[in-house]
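Student: Okay, predicted coordinates and the sequence, questions at the end:
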Amino acid sequence: MKYFACLSSRFLFVLVFWGISHFLNATQVQFLEGNWKEILLKAQQENKPIFVNFYTSWGAPCQYMKTKVFTDSKVAEYYNQNFISFRINAEQDELELVHQIGVEVFPTLYFFAPNGEIIGHQTGATEPNDLLRFGKAMLAMTQADEAIKKLQKAYQETPQNREITAQYLQALMQANHYETAEIVANQYLNEIAIEDWEKHYNWQLIKLFVHDIDAKGFQYMLQNTDKFLQKYSTDFTKYMLTVLEEELTQVTIQQDKTKLQKLKMIYIQALEGVQSKEYEDNYYFNFIDLFYYNYNKDTEKYFQILKNWVEKYHANDWQELAKRAFELAENKEFKENIEIAHNWAYRALKLESNVVTNITMAHVLWHKQQLEEAQKYAEIALKINTEDDMKPYIERLIKKLAK
């Protein structure tokens, strides 16, 4: 009996000790011992991503993570279940890995795929809830990458299967592989019947991934704007104008005048299809030229076109006259512009005397050094102003003119 009593006591001790150990492990992140190669091997065997805490023994933020964050029960449960966790004293352990990824701030937290590829990282101490959210995001990216590999194989076997293509594209976008997604989407769109571009599913892909105005599909849309407008209304209009604006920006940056002329014709064709034109073609050509020359700082050419454009198309538009008068007055390279600015400000004021036109006149006269006259118009603007956010600006202008 004494033997059994002794055995029972020992067994009870083992059970209690196991329970305490299990409890302690469950309430803190379990960082495994070993070296980086062993951790990689274990991650591949268990097919789990790796969480690595690069720390120092002396850093207060590192101590905070150790005592306050890695001991949080929710963090511990999630990380122990989903990651192989490993900690590295960055001043003495695994120095080749530390230097390879360039760890300089402590703590730095890295997430690796089972094959050792970096998924993501963050630097500095963090709160338990933030670490939990970040871990979930990293796990989702890992799972998305695994899904991508399977879907990529299925897609390569049946590239015209719409369901598989859709799943593959969704997985690519969830993992932020937008470049690959764009290639896949355009391959798919280029291989289907051109008439099928009008279908709803394909339209969703077009909006996200088709930005080449020379592409066969874009040209088809340009020639069949009525069909797309009927189905997708303002969504289609917005898409077309956005793509053309993006193309204009690229052409302008490249300073390609040949492409610029081609773009003008496409722009007119698109406008005729998606919305009614208010002006003749030359109005829009000038507008595109203004963007081009202004961006490339060809001031002489810009102002030459601007003067003709305003006089021809906006001579009775107080808003455009005031806006451009203000712009001309700001330019000091061509002194003759100030007289044109004065003329436009005067005409805008005659068309409608309001806060904007009076401020514009005050601004132009200030640049002409006619301060007393400028102050008069600024005070009129202040008197008729009803907008709270405009009042401080006008008051500062008056103060400046009074000096």
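Tutor: Great, that's in hand.

Student: alpha carbons only for contacts and neighbour counts from here, please
Tutor: Noted.

Student: Quick check, pLDDT for residue 398.
Tutor: At residue 398, the model reports a pLDDT of 92.

Student: Distance check, the closest residue to residue 135 other than its chain neighbours against residue 72.
Tutor: The shortest distance from residue 135 to any non-neighbouring residue, by Cα to Cα, 6 or more residues apart in numbering, is to residue 79 (7.5 Å). Per Cα to Cα, to the nearest Å, residue 79 is found 11 Å from residue 72.

Student: Settle it for me: which of the two has more neighbours?
Tutor: Neighbours per residue, other Cα atoms under 10 Å: of residue 79 and residue 72, the larger number sits with residue 79, 24 against 20.

Student: measure that one to residue 131 for me?
Tutor: Separation of residue 79 from residue 131 (Cα to Cα): 10 Å.

Student: Equivalent analysis for residue 390, please.
Tutor: For residue 390 relative to residue 131 (Cα to Cα), the value is 45 Å.

Student: Where do the helices of the stretch 51-200 of the chain begin and end?
Tutor: Along the stretch 51-200 of the chain, counting by DSSP state H, counting those that start in this stretch, helices occupy 60-64, 73-82, 95-101, 128-157, 162-174, 178-191, 200-209.

Student: Pick out the shakiest of these, pLDDT-wise.
Tutor: helix 162-174 - the lowest mean pLDDT of the helices of the stretch 51-200 of the chain, at a mean of 85.

Student: List the buried residues of that one.
Tutor: Residues 164, 165, 166, 168, 169, 170, 171, 172 are the ones in helix 162-174 that count as buried (16 or more other Cα atoms under 10 Å).

Student: Likewise for stretch 131-149?
Tutor: 131-132, 134-135, 138-139, 141-145, 147-148.

Student: Which of the residues you listed sits closest to residue 300?
Tutor: Nearest to residue 300 among the buried residues of stretch 131-149 is residue 141, at 52.2 Å by Cα to Cα.

Student: Would you mind listing the residues in contact with that closest one?
Tutor: For residue 141, the contact set (Cα atoms under 8 Å, 6 or more residues apart in numbering) comprises 119, 174, 175.

Student: just to revisit the earlier point, the residue nearest to residue 135 and residue 28 touch, don't they?
Tutor: No. If you go by Cα atoms under 8 Å, residue 79 and residue 28 don't touch, sitting 9.2 Å apart.

Student: What lies in contact with the helix or strand containing residue 377?
Tutor: Using DSSP states H and E, residue 377 sits within helix 371-384. Outside helix 371-384, the residues that touch it by Cα under 8 Å, 6+ apart are 354-356, 358-359, 361-366, 391, 394-395, 397-398, 401-402.

Student: hmm, which of these are the buried ones?
Tutor: Of those, these count as buried by 16+ other Cα under 10 Å: 354-356, 358-359, 361-366, 394, 397-398, 401.

Student: Check the secondary structure at residue 221 for me.
Tutor: Three-state assignment for residue 221 (DSSP: H, G, I helix; E, B strand; the rest coil): helix.

Student: Touching, residue 237 and residue 274? I think so.
Tutor: Yes. Taking Cα under 8 Å as the definition, residue 237 is a contact partner of residue 274 at 5.5 Å.

Student: what residues are up against residue 258?
Tutor: Listed by Cα under 8 Å, 6+ apart, residue 258 has no contact partners.
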